[in-house]
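Sequence first, then the predicted structure:
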Amino acid sequence: MPHLKIDYSANLDECTDIGVLCRALAARLAGLRDAVGQPLFPLAGTRVLAAPAPHHAVAGGRAGYCFVYLNLRITPGRGKGLVAHAGTALLATVEEHFGALMQTRAVGITLHIDEAAPAYEGKYSNLASHLAAER
């Protein structure tokens, strides 16, 4: 972890590139550091996933209105200040991405961070070895 899941109204696909947002958020997550300069999250565990909602009703069903819901899931072990720092940094990235669009479109954006220990966590990955080979 961290895993950042983005649900958004599909009408955003006509006016912004969500893939660009995903890459910007992934870079932001990878760049976050704690007080002593260590990565806040493991790079190999970082995921940013986005899925459009083709059927949606925003603000009571108003035509053309858009939403973005971001949910960051992290494991416990970071102080509240570091979690808030991560949230502020991610939201700044989102605001930068949507700033110009929000001058012309109604967009509701929410970021939630959930911290929970998994009841079970199985892993099968070779991402860490590929990352090491890149260095």
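Everything's here; your move. Residues are numbered from 1 along each chain as shown.

Give the other helices and strands that the helix ranked longest in the chain contacts.
Criterion DSSP state H: the longest helix present in the chain is helix 80-98. Applying 3 or more Cβ pairs under 8 Å, 6 or more residues apart in numbering; DSSP states H and E, we find helix 80-98 packed against helix 18-31, strand 66-74, strand 107-115. Placement of C-beta: from N, CA and C, glycine included.

Dump the following helix or strand past the last one to CSV, keeping only the CA atoms.
What that stands for is strand 107-115. Using DSSP states H and E, the helix or strand that directly follows strand 107-115 along the chain is helix 127-134. C-alpha atoms of helix 127-134 as CSV (Å, rounded to 0.1, in the frame of the first residue of the first chain):
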residue,chain,number,x,y,z
LEU,A,127,7.8,-5.2,-8.8
ALA,A,128,10.5,-4.6,-6.2
SER,A,129,13.1,-6.6,-8.2
HIS,A,130,12.2,-4.6,-11.4
LEU,A,131,12.5,-1.3,-9.5
ALA,A,132,15.9,-2.4,-8.1
ALA,A,133,17.1,-3.3,-11.6
GLU,A,134,16.2,0.2,-12.8
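
report the angle between the axes of the strand or helix carrying I6 and strand 66-74?
Following DSSP H and E, one finds I6 within strand 3-9. Going by axes from the mean of the first three to the mean of the last three Cα atoms, to 10 degrees, strand 3-9 is angled at 170 degrees with respect to strand 66-74.

next one: strand 3-9 to chain centre, how far?
Here the centre of strand 3-9 is set off from its chain's centre by 7 Å, with Cα atoms, centre = their mean, to the nearest Å.

Then stretch 69-78?
For stretch 69-78, the separation from the chain centroid amounts to 10 Å (computed by Cα atoms, centre = their mean).

can you check stretch 101-115 too?
For stretch 101-115, the distance to the chain centre is 11 Å (Cα atoms, centre = their mean).

residue ranges with poor pLDDT in this structure?
Across the chain, nothing is flagged by pLDDT under 70.

wait, what's in contact with T93?
Residues in contact with T93 (Cβ atoms under 8 Å, 6 or more residues apart in numbering) are 21, 24-25, 28.

No further questions, thank you.
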